[in-house]
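# Give the three-dimensional model of this entry:
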Amino acid sequence: MNLITLRTFLAVVQTGNLNKAADLMNVTQSTITARLDALDTELGQALLVRSRKGAQLTKAGFAFQRHAELMVRTWEQGRKAVGLPSGFSGMVSLATHIELWAGLGERWVDQAQALHNDVAFEAWPGDHAEISRWLNSGLVDAAITLLPVTSDDITSCELNRDRLVQVSSEPRTAVEWDGNYIFVDLGADFRRQHSLAWPIDKTARTAFGSSGWALDYLLRKGGSAYLPWRMSERHVDDGRLHVVPDVPEFSRAVYCNWRRASAQEHPWLAHIHQRI
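Next up, the predicted model:
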């Protein structure tokens, strides 16, 4: 059950007609029908008798109406309490793994804002454990993560492969060991791939657990490191960094996750990842 479904039910009650309710909500009649069917299924009761002449409340619908009005009114009071600007129909919260905002989380928000200018957005950084808790509790509606969030209430799909490329502050060819090499811990799968490709018994003098910190350090101090291409590409284009040729490239999976309940209210949540 979600706010849009409740408002659809109340619009039909107000107008007494599915066509008029569709015009009022600026959607198709088939959308109105689908929302009402979903509400009937969730409650296990038919709330309206629908016919060509219009729509009439059933006994169950009459009992439910005041509760629907109360829930919508409570939402409106809550919206005002948290300061949702006037003119916005709702709020969508996105969580991204700390490593995945640059080039991924920011593109998700850009696309969503461009397509849905009636929705307000907020974004939060976190690690996988935090994001899983937030999704399952409903604190956020969607998330971009390095591992899928597994739950009956969550849908997950692979968003893309995060390309990991060795870049250097100076143009150079492949070498067995670079004394200025910076190790960036890009996850367990990367560590496994890295150790297989570079079995040399050497330890990097500098290591980071954040690719953003490593990139900043590399640009200031020089050296070489494996970094996500989405973060280093622009610096390669402007000549500040250089791709090291003839060395292995790696990749890691990135996942998009969303709450099914949130996707009922905002159906585009199930498709926005296709635009990133």
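# ok, now which ones touch Thr96?
Thr96 makes contact with Leu104, Gly105, Trp108, Ala123, Trp124, Pro125, Gly126, Ile131, Ala143, Ile144, Thr145, according to Cβ atoms under 8 Å, 6 or more residues apart in numbering. Glycine gets a C-beta too; all of them are placed from N, C-alpha and C.
# Bridge partners for it, pull those for me.
Beta-bridge partners of Thr96, counted by DSSP bridges, are Pro125, Ile144.
# ok, it to Leu3 distance?
Counting by Cβ to Cβ, to the nearest Å, the separation of Thr96 from Leu3 is 25 Å.
# try Ser211
Distance from Ser211 to Leu3, by Cβ to Cβ: 38 Å.
# Tell me which of the two has more neighbours.
Set side by side, Ser211 and Leu3 show more neighbours around Ser211, with 25 against 17, by other Cβ atoms under 10 Å.
# List the residue ranges of the stretch 51-200 of the chain that fall below the pLDDT cut-off.
Low-confidence segments of the stretch 51-200 of the chain (pLDDT under 70): 76-77, 79-86.
# now the helices for it?
Remark: helices assigned in the stretch 51-200 of the chain by DSSP state H, counting those that start in this stretch are 59-81, 106-115, 128-137, 188-197.
# ok, back up a step: the contacts of Thr96 into TSV, with extra columns for neighbour count?
Output for the contacts of Thr96, formatted as TSV (neighbours: other Cβ atoms under 10 Å):
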residue	neighbour count
Leu104	23
Gly105	22
Trp108	24
Ala123	17
Trp124	15
Pro125	14
Gly126	17
Ile131	25
Ala143	29
Ile144	24
Thr145	24
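# Pick the one among those residues closest to Ala225.
Leu104 (19.3 Å; Cβ to Cβ).
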